[in-house]
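Peer 1: show me how the following folds:
(one chain, ligands or ions: 1)
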Amino acid sequence: MTDRNVALFDSARAVIPGGVNSPVRAYGSVGGTPRFLASASGARVTDAAGREYIDLVASWGPALLGHTHPEVVQAVQDAATRGLSFGAPTEGEVELAQMIAERVRHGEARPVERVRLVSTGTEATMTAIRLARGATGRDLLVKFAGHYHGHSDGLLAAAGSGVATLALPGSAGVPAPIAAQTLVIDYNDPDALAAVFAEHGDRIAAVIVEAASANMGVVPPLPGFNRLIAETAHAHGALMILDEVLTGFRVHAAGFWGLQQEAGEQYLPDIITFGKVIGGGMPLAALGGRAEIMDQLAPLGPVYQAGTLSGNPLSVAAGIATLRLATPEVYARVDAAADRLADALDAALTDAGVVHAVPRAGSLFGVVFAPETPRDYAAAQAQESLRYAPFFHAMREQGIALPPSVFEAWFLTAAHGDEELSAIEAALPLAAAAAASA
Ligand code: PMP
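Peer 2: Got it, this is the predicted structure:
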């Protein structure tokens, strides 16, 4: 009998390009058939053939509390009975914006005075860039090779995530004049940063950076690098856009990982983008910043941005419920689980004699088949990535669902308890042996 996943993938490919609605879901680099998921609860997902997996994808980040948290589901159901979408402001949007603005702080610093809600991380970064251009009157954007900020035209150059998995230089369909507005430099490279500003400083509107890069595998910023970006940009009249779509509210209760991470090296980005966790698994993202910048958005200012479903009441309800439940205890639990799994992963690969590193950024971690944590995209790409496919499939056969690419982080949730962590630990030696023989 054909596996139901295989049958569904055949049907999907006949009507959906590549059978998936987002390329990272395809098993492009690991081979095989994607699992069509039918349901999820806590730390587990169930596929269309009824097979259950312990999940380390967490919907690519949003499921901080675990899947289908009863209070989040209840909040969405209650919101649904009141109305699916109004196209008018709602009380919930005010509450969620206040929660984000209040939580994002470090000491006295309050970098988010205003918040605009949108539906996807792509919209958040796209709008942040337009806003930075509008606010500075400049066109050029600096981004880092291997960083992913969504799929808008100017941001696909040397991008991470699915673009890295498919080993693409960028995307077809981006007009050359638009691509030319993005200057791509190496991550964690102070000289490259200095050089790009020395050459183009008075034409650069903004630098966009992931708070810690997690879309070329996990590659944390070198100490002081985020601060250096802020200082360099500000010295030239440019803005710093800190992309916390993935890291925001996932690795710290204060939401604002980039700043927290460098306590004592305080710096202030100008615009911060959020997504994933703040929508609790529903389509929701946001950008925030100081009033003087954010109020340049329409209807107050000349920078236009809009959305029929922006601040959707169901998404907002999921976000409020999630942030209420995302207590410091939740983060402590996820951190402890990450410590435990990262150690187990490291030990299993060491025992199997596989050259590897286990890079960490807060509770984010992953595997790199290279002797040390890469500091930039070139180093991430130079690893022995062919070892990942057998590792991934060996884990999957043992009921553990990892992200289907070595260039993605592993995501834990507060629902990963001792039972799940022990099961993952027990599965690692076989997978490490599979990686060793690749
Ligand atoms: N920025 C970062 C850092 C991301 O990781 C992602 C998605 N993984 C995005 C932006 C884009 O978000 P979305 O997929 O919701 O458009």
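Peer 1: separation between the nearest residue to Gly248 once chain neighbours are set aside and Thr33?
Peer 2: Nearest residue to Gly248 in three dimensions, chain neighbours excluded: Phe274, at 4.2 Å (C-beta to C-beta, 6 or more residues apart in numbering). Where you see a C-beta, it was placed from the backbone N, CA and C, and this is true even at glycine. Distance, Phe274 to Thr33, by C-beta to C-beta, to the nearest Å: 33 Å.
Peer 1: coming back round to it: can you count the residues close to the residue nearest to Gly248?
Peer 2: Neighbour count for Phe274, taken as other C-beta atoms under 10 Å: 32.
Peer 1: what does Ala306 give?
Peer 2: By other C-beta under 10 Å, the residues close to Ala306 number 10.
Peer 1: pull up the gap between the residue nearest to it when sequence neighbours are not counted and Arg130, please.
Peer 2: Closest residue to Ala306 in three dimensions, ignoring its sequence neighbours and counting by C-beta to C-beta, 6+ apart: Ala298, at 7.3 Å. According to C-beta to C-beta, Ala298 stands 11 Å off from Arg130.
Peer 1: same deal with Arg51?
Peer 2: Distance from Arg51 to Arg130, by C-beta to C-beta: 44 Å.
Peer 1: still on that earlier bit, OK, contacts around the residue nearest to Gly248?
Peer 2: Going by C-beta atoms under 8 Å, 6 or more residues apart in numbering, Phe274 touches Ile100, Ala124, Glu244, Val245, Gly248, Phe249, Gly255, Ala285, Ala286, Leu287, Gly288.
Peer 1: same deal with Ile424?
Peer 2: Contacts for Ile424 (C-beta under 8 Å, 6+ apart) come out as Ile54, Leu56, Leu341, Ala344, Ile400.
Peer 1: quick one: pLDDT of it?
Peer 2: We note a pLDDT of 98 for Ile424 in this prediction.
Peer 1: let the chain start at 737 from now.
Peer 2: Yep, numbering from 737; the last one is Ile1160 now.
Peer 1: list the buried residues for whichever helix or strand it is part of?
Peer 2: Assigned by DSSP states H and E, Ile1160 belongs to helix 1154-1172. Residues 1156-1157, 1160-1161, 1163-1172 are the ones in helix 1154-1172 that count as buried (16 or more other C-beta atoms under 10 Å).
Peer 1: what of stretch 813-823?
Peer 2: Buried, per 16+ other C-beta under 10 Å, within stretch 813-823: Ala815.
Peer 1: who's in contact with it?
Peer 2: For stretch 813-823, contacts defined as C-beta under 8 Å, 6+ apart pick out Gly828, Thr1044, Leu1045, Asn1048, Pro1049, Leu1050, Val1052, Ala1053.
Peer 1: would you map the strands across the stretch 887-1036 of the chain?
Peer 2: For the stretch 887-1036 of the chain, the strands defined by DSSP state E, counting those that start in this stretch occupy 918-921, 940-946, 975-980, 1007-1010, 1021-1025.
Peer 1: ok so, going back, now the two most distant members of the contacts of Ile1160.
Peer 2: Greatest spatial distance in the contacts of Ile1160: Ile790 and Ala1080, 13.3 Å, computed using C-beta to C-beta.
Peer 1: how close does Glu829 get to the ligand?
Peer 2: Separation of Glu829 from the ligand (C-beta to the nearest ligand atom, to the nearest Å): 18 Å.
Peer 1: which secondary structure element contains that residue?
Peer 2: With DSSP H and E as criterion, Glu829 is part of helix 827-839.
Peer 1: can you check Thr1109 too?
Peer 2: Following DSSP H and E, there is no helix or strand that holds Thr1109.
Peer 1: setting aside sequence neighbours, what's the nearest residue to Thr1044?
Peer 2: The shortest distance from Thr1044 to any non-neighbouring residue, by C-beta to C-beta, 6+ apart, is to Gly823 (6.4 Å).
Peer 1: hey, which helix or strand in the chain has the poorest pLDDT?
Peer 2: helix 993-997 (a mean of 65; mean pLDDT, DSSP states H and E).
Peer 1: how about the closest residue to the ligand within the stretch 837-986 of the chain, what does it touch?
Peer 2: Relative to the ligand, the nearest point of the stretch 837-986 of the chain is Gly857 (2.1 Å; C-beta to the nearest ligand atom). Gly857 sits next to His885, Gly886, Asp979, Val981, Leu982, Thr1009, Gly1011, Lys1012, Ala1021 when contact means C-beta under 8 Å, 6+ apart.
Peer 1: so for the closest residue to Ala930 other than its chain neighbours, what's the pLDDT?
Peer 2: In this structure, Ala930 finds its nearest non-sequential neighbour in Thr968, 6.9 Å apart by C-beta to C-beta, 6+ apart. Each residue has a pLDDT score; the one for Thr968 is 98.
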